[in-house]
Each structure stands twice: as structure tokens, then as C-alpha cells.
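Asks: just the structure for this:
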Amino acid sequence: MASPRFIPLADVAESLSISASQAYALVRSGELRAIKVGGRGQWRVEVSELEDYIQRMYRHTDEFVAQENAGAQERRSARTN
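Replies: Here you go, the predicted model:
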């Protein structure tokens, strides 16, 4: 059986280990692209969009860690001078 192309926000939340309301907030903020489908407007996220979001968060985290490490190094340097 093929994997689904789109998944509901509940599955997104489970994949990211966050609450459903946090997943909805990611969609509302535009951080995670999603579409509304059906008569009741159910949110669905394309699996590739979720993977893109995860990769962006890895890059963001890498940049954050690099900045934190540079700042810590500067602080150590300033204390020794």
C-alpha cells in the first residue's frame, strides 16, 4: 500500500511530538504549508511539505547553535583578555 500524499494535522502533531493546537499554529503562521479540503475544511499537509519544514528547522537549529557557540567563544575570549 502506498503512503498517503497528504496527512491530517493530528498526524503532523504526532510526527513532531507536539499538540494538535501547536500544529495548527504552525499552519496559521505560515511556517508549515497546508491546504483545506472537503466541505468542512479539514486541514491537510503534504508529506513533502512536512519534510521541508523539518529540514528548515534543522538548518535554523544549526545556525542558532553556531551563533551560540560563537557568542560563548567571544565571552570566554573577553574574560581572558
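Asks: what segments of this structure are helices?
Replies: In order along the chain, the chain carries the following helices (DSSP state H): 9-16, 20-29, 47-80.
Asks: mind giving me the packing neighbours of the first one?
Replies: Put plainly, it is helix 9-16. The elements that helix 9-16 packs onto, with contact taken as 3 or more C-beta pairs under 8 Å, 6 or more residues apart in numbering; DSSP states H and E, are helix 20-29, strand 42-46, helix 47-80. From N, CA and C alone the C-beta is placed, and that goes for glycine too.
Asks: can you list these in JSON lines and add mean neighbour count?
Replies: Supplementary listing: those in JSON lines, determined by neighbours: other C-beta atoms under 10 Å:
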{"stretch": "helix 20-29", "mean neighbour count": "15"}
{"stretch": "strand 42-46", "mean neighbour count": "18"}
{"stretch": "helix 47-80", "mean neighbour count": "11"}
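Asks: in CSV, list these along with distance to residue 4 and mean pLDDT.
Replies: As requested, the helices and strands packed on helix 9-16 are arranged in CSV below (distance: least, C-beta to C-beta, whole Å; pLDDT from 0 to 100):
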stretch, distance to residue 4, mean pLDDT
helix 20-29, 16, 98
strand 42-46, 9, 97
helix 47-80, 7, 89
